[in-house]
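> need a 3D model of the sequence below.
(chains A and B)
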Number of protein chains: 2
Amino acid sequence: MVVAVTTPDFDTYPIEHTIMSAESRDVWVQVVWSDGRISRFHHIWLRDNCPCDECVHQGTREQMFELVSVSSDVHAISATVAASGGLSIIWSEFEHSSLFHAGWLRANDYGDEARAARVSPIITWDASTWSVPPTFDGLAVLSDDDALYEWLTALRTYGATRLRNVPCTDTAIGDIAGRIGIVRETNFGVLWDVWSEPNPVTNANTALPLPPHVDLPTREYQPGLQFLHCLENEAIGGDSILVDGFRIAELLRRQYPEHYRTLTTVPWNWANRATTTDYRFRSPLIVSAPDGSVNEVRVGNWLRAPLDLPFDDVERAYSAYRVLFEMTYRTDLQLRFRFEPGDLIAFDNRRALHARSEFTDVGGRRHLRGCYTERDELYSRLRMLERSMREKRVATSATYSATHSSTG
Amino acid sequence: MVVAVTTPDFDTYPIEHTIMSAESRDVWVQVVWSDGRISRFHHIWLRDNCPCDECVHQGTREQMFELVSVSSDVHAISATVAASGGLSIIWSEFEHSSLFHAGWLRANDYGDEARAARVSPIITWDASTWSVPPTFDGLAVLSDDDALYEWLTALRTYGATRLRNVPCTDTAIGDIAGRIGIVRETNFGVLWDVWSEPNPVTNANTALPLPPHVDLPTREYQPGLQFLHCLENEAIGGDSILVDGFRIAELLRRQYPEHYRTLTTVPWNWANRATTTDYRFRSPLIVSAPDGSVNEVRVGNWLRAPLDLPFDDVERAYSAYRVLFEMTYRTDLQLRFRFEPGDLIAFDNRRALHARSEFTDVGGRRHLRGCYTERDELYSRLRMLERSMREKRVATSATYSATHSSTG
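Below is the predicted model:
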């Protein structure tokens, strides 16, 4: 008889490796897999992740178990391979038992090798890598999940992509962004225009050149993704420029370690100049993740507020800013291309700097539509697409069918 | 003759202290004020902040000047007090000159004393401070800017407030949040309901007790502010609980420095369980600002994903979590009160943990409406309210009128 094994969430876990043996050790359970991998799961970790219907609400799949309801030395008094192929544990307290799905357990293995394999690559680029960002078909992205997955994987990896063939309507950009997730409303609205206006509220809506920048560094939550869709481009000039801020950070770290330290530790101030809002934020120009990798860049010359630092830090802050700023102008780092109607660039606004050259629209207009969303939304959509690929795989997998029942 | 002095933004700068003298030193300009304060402004800082119409677009008030257009040793060849009362500088390059408004210059002084005076206080609390959060009148907040300012100042300082007398309609909560700024849409929608449902997608919409938590720690951008408005409360049980996460962090830092170090450095994983989204994030439970102060807490028992750490970090992560979790249940730290229809709690969702006790709605419903916005929006609104107070002050100030003209 095969006992059904539930998982503590809505994901699907193909069983590609089976559990050969399980054994309770000191403070962990050792699991040996069919491919020879040995995994160790702490007792407290397993107890915390028990998927049973007392511990997890089976409707919401959210946890009801609270760590404080067991003692800190709760431990497995037995660990065995269940007939279902799952890991079966009997606990030292409250006569509780747990049954873990083998696919779920493998997916959540926190051994060094398993953890390393879960990291998605980030690949930086410059003008020698390609002359335009990786390009995909907008119509395909709108209708086909495989095309969507291919585009979004590139967006996550490179932080800059282009779509062509996006319908030249005012709302198409919202449809494209909506394939990812919720569009973020800001003081510019939900969808907004970039064109030269007689009474602009931002330098973006002049014909001025714009140096390489991210949008809204004035906000603590600088938008994670930006979309710019070209509806018209009859102007002279107004070339589009993209620079990989992560590549710049790499170069700075290697070539100017002192400036890099300043750029990652000394905060600048940002402010939007407006009559209706006064957003401000204070942050280093390069923000590191806890592991020392670069998490985001904040560069936007005309959105800086007066520097507000202890007197002795001012000169080194300016020196480091100058080196960074000069680097954003290096043509060997810049992709430079012209927008055609129907083109849409989608980029990580916390990584890729964008710019445009000066233009004149006397002969015809340059009109872009834009919107924002967050990295979160991108990553969630990629996971959902991957989840549905796993579902399809499992639906055709004999191995899985033999060990899993959805009636559990 | 009085020369008009422009400022490089849309704010108003009352001149409360005049400039008595100015002198160019080594790499800075020394300014002596009428109250005896001596300020120092670096040449490079002044050059960067020149408000003239070549350097700043007078329509958008955004900068056109780029640091790289001057050399790093640009310096003042003269610094004097202008007839207007402003600071006048002649530069060593391009025959450029700048005229700085005295009020603007004073407001942007970066001397130690001036910088310290600009910090807004954060005051922590527990059950001995008060039994309910600071309470304000909802109708007044909706219509009166002074009442709004008083409420929002408390919200910034204490991170938890209550309004009473908010109209019991489905949209009133949006009107209240709209007094601050843009409401943030999430997978829950823009405005959402908290009540017991037959097929809930979150434990919030069951009758289960909810341990102290923040909402959406699953998101990199955990919402900064949360609003919960009570429309009906006929249920038995369902008390509301608030805990100051910053107070908990203070206690942990003092009493359990080892656990505190773990809580601020070792990341946990978060995941929303859903069939349509898969938001995940990885972060320590207590997130420090660069200066070591606490920036946010992330606590939400049922939104945790399986811990994903190097094997040797797992036990200390669980030990520290246990101590934190126990502290969130301490009654001497919890405010516990009952929602009445028309009550609305507004709190910093990255600071104040909220909870509710189990309830039964057999005799009548418990119905809350909720929404989110960001800290950014709160701080921007406070600045705009302060700006309008300054405008009023200046409008009645003879000193200012004598030295300022808006025709510049």
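> what are the ranges of the helices in the stretch 301-408 of chain A?
According to DSSP state H, counting those that start in this stretch, the stretch 301-408 of chain A carries its helices in the segments A:314-328, A:375-395, A:398-403.
> so for chain B, which of those helices sits nearest?
Ranking the helices of the stretch 301-408 of chain A by proximity to chain B (C-beta to the nearest C-beta) places helix A:375-395 first, at 3.9 Å. To be clear about C-beta, it is placed using only N, CA and C from the backbone, and glycine gets the same treatment.
> list the buried ones in that closest one?
A:375-385, A:390, A:394 (16 or more other C-beta atoms under 10 Å in any protein chain shown).
> now these as a markdown table including distance to chain B and pLDDT?
What follows is the buried residues of helix A:375-395, written out as a markdown table (distance: C-beta to the nearest C-beta, whole Å; pLDDT from 0 to 100):
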| residue | distance to chain B | pLDDT |
| --- | --- | --- |
| A:Arg375 | 7 | 98 |
| A:Asp376 | 5 | 96 |
| A:Glu377 | 8 | 98 |
| A:Leu378 | 11 | 98 |
| A:Tyr379 | 7 | 98 |
| A:Ser380 | 5 | 98 |
| A:Arg381 | 8 | 98 |
| A:Leu382 | 9 | 98 |
| A:Arg383 | 4 | 97 |
| A:Met384 | 5 | 98 |
| A:Leu385 | 10 | 98 |
| A:Arg390 | 12 | 93 |
| A:Val394 | 16 | 83 |
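> got a markdown table for those, with distance to A:Val141 too?
Output for these, formatted as a markdown table (distance: C-beta to C-beta, whole Å):
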| residue | distance to A:Val141 |
| --- | --- |
| A:Arg375 | 18 |
| A:Asp376 | 19 |
| A:Glu377 | 15 |
| A:Leu378 | 13 |
| A:Tyr379 | 17 |
| A:Ser380 | 17 |
| A:Arg381 | 12 |
| A:Leu382 | 14 |
| A:Arg383 | 18 |
| A:Met384 | 15 |
| A:Leu385 | 12 |
| A:Arg390 | 22 |
| A:Val394 | 26 |
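> and which of those is nearest B:Ile345?
A:Asp376 (25.8 Å; C-beta to C-beta).
> thought that closest one was touching B:Pro223?
No. The pair A:Asp376 / B:Pro223 is not scored as a contact, 11.9 Å apart, by C-beta atoms under 8 Å.
> what's the overlap in contacts for those two?
Common neighbours of A:Asp376 and B:Pro223, using C-beta atoms under 8 Å, 6 or more residues apart in numbering or on different chains, do not exist here.
> count of neighbours near A:Leu163?
25 (other C-beta atoms under 10 Å in any protein chain shown).
> so for the regular element (helix or strand) spanning it, what gets flagged as buried?
Element membership of A:Leu163, judged by DSSP states H and E, is strand A:160-164. Residues A:Ala160, A:Thr161, A:Arg162, A:Leu163 are the ones in strand A:160-164 that count as buried (16+ other C-beta under 10 Å).
> tell me the contacts of the third one?
Right, the one you point to is A:Arg162. A:Val132, A:Pro133, A:Pro134, A:Thr135, A:Phe136, A:Asp343, A:Leu344, A:Ile345, A:Ala346.
> out of these, who has the most neighbours?
That'd be A:Ala346 among these, by other C-beta under 10 Å, with 29 neighbours.
> pLDDT score for it?
As predicted, A:Ala346 sits at a pLDDT of 98.
> same check, this time on A:Thr276
For A:Thr276, pLDDT reads 95.
> equivalent analysis for the one 3 residues further on, please.
At A:Tyr279 the predicted local confidence, pLDDT, stands at 97.
> do A:Met1 as well
We have a pLDDT of 37 for A:Met1.
> and if you look at A:Asp48?
So, for A:Asp48, pLDDT stands at 97.
> how deep is it tucked in, by neighbour count?
With other C-beta under 10 Å as criterion, A:Asp48 counts 21.
> quick check: mean pLDDT of the strand or helix carrying A:Ile176?
Using DSSP H and E, A:Ile176 maps to helix A:172-178. The average of the pLDDT scores along helix A:172-178 is 98.
> check which helices and strands that helix sits against.
Contact here means 3 or more C-beta pairs under 8 Å, 6 or more residues apart in numbering or on different chains; DSSP states H and E; on that basis helix A:172-178 packs against helix A:138-143, strand A:225-233, strand A:344-348, strand A:366-373.
> listing partners with orientation, what would you give for the helix or strand just after that helix?
Counting by DSSP H and E, the element after helix A:172-178 in chain order, helix or strand, is strand A:192-194. Strand pairing for strand A:192-194, determined by DSSP bridges: strand A:366-373 (antiparallel).
> buried residues, the strand it pairs with. List them.
Buried-residue list, strand A:366-373, by 16+ other C-beta under 10 Å: A:Arg366, A:His367, A:Leu368, A:Arg369, A:Gly370, A:Cys371, A:Tyr372, A:Thr373.
> the residue nearest to A:Val31 when sequence neighbours are not counted: what secondary structure?
In this structure, A:Val31 finds its nearest non-sequential neighbour in A:Ser39, 4.7 Å apart by C-beta to C-beta, 6 or more residues apart in numbering or on different chains. Under DSSP: H, G, I helix; E, B strand; the rest coil, A:Ser39 falls in the strand class.
> could you measure from A:Ser39 over to B:Gly59?
Relative to B:Gly59, A:Ser39 is positioned 63 Å away (C-beta to C-beta, to the nearest Å).
> surely A:Arg338 is in contact with A:Ile236?
No. A:Arg338 is not in contact with A:Ile236 according to C-beta under 8 Å; the separation is 10.9 Å.
> so which of A:Ser39 and B:Gly59 has more stuff around it?
A:Ser39 (22 against 16).
> coming back round to it: rank the buried residues of strand A:366-373 by pLDDT and give me only the lowest.
A:Arg366 (91).
> that one pairs with what?
Going by DSSP bridges, A:Arg366 forms beta bridges with A:Asn233.
> hang on, the earlier thing: quick one: distance of the helix holding A:Ile176 to the chain centre.
The chain centre lies 18 Å from the centre of helix A:172-178; the measure is C-alpha atoms, centre = their mean, to the nearest Å.
> alpha carbons only: can I get it in PDB?
Taking Å, rounded to 0.1, in the frame of the first residue of the first chain, the C-alpha atoms of helix A:172-178 are listed here in PDB:
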ATOM      1  CA  ALA A 172       0.500  47.700 -24.700                       C
ATOM      2  CA  ILE A 173       3.300  48.400 -22.200                       C
ATOM      3  CA  GLY A 174       0.900  47.600 -19.400                       C
ATOM      4  CA  ASP A 175       0.000  44.300 -21.100                       C
ATOM      5  CA  ILE A 176       3.700  43.400 -21.400                       C
ATOM      6  CA  ALA A 177       4.500  44.300 -17.800                       C
ATOM      7  CA  GLY A 178       1.300  42.600 -16.700                       C
END
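> who's in contact with it?
By C-beta under 8 Å, 6+ apart, helix A:172-178 touches A:138, A:141-142, A:163, A:166, A:183, A:190-191, A:225, A:227, A:229, A:344, A:346, A:369-371, A:373.
> bridging residues for A:Trp270?
Beta-bridge partners, per DSSP bridges, of A:Trp270: A:Phe281, A:Arg304.
> which residues touch it?
By C-beta under 8 Å, 6+ apart, the neighbours of A:Trp270 are A:Pro217, A:Thr218, A:Tyr279, A:Arg280, A:Phe281, A:Arg282, A:Ser283, A:Arg298, A:Gly300, A:Leu303, A:Arg304, A:Ala305.
> what about the stretch 1-150 of chain A, any weak spots by pLDDT?
Counting by pLDDT under 70, the stretch 1-150 of chain A shows low-confidence ranges at A:1-5.
> chain A - how does it break down into domains?
Using automatic domain parsing, the domain ranges for chain A come out as A:19-119, A:135-373.
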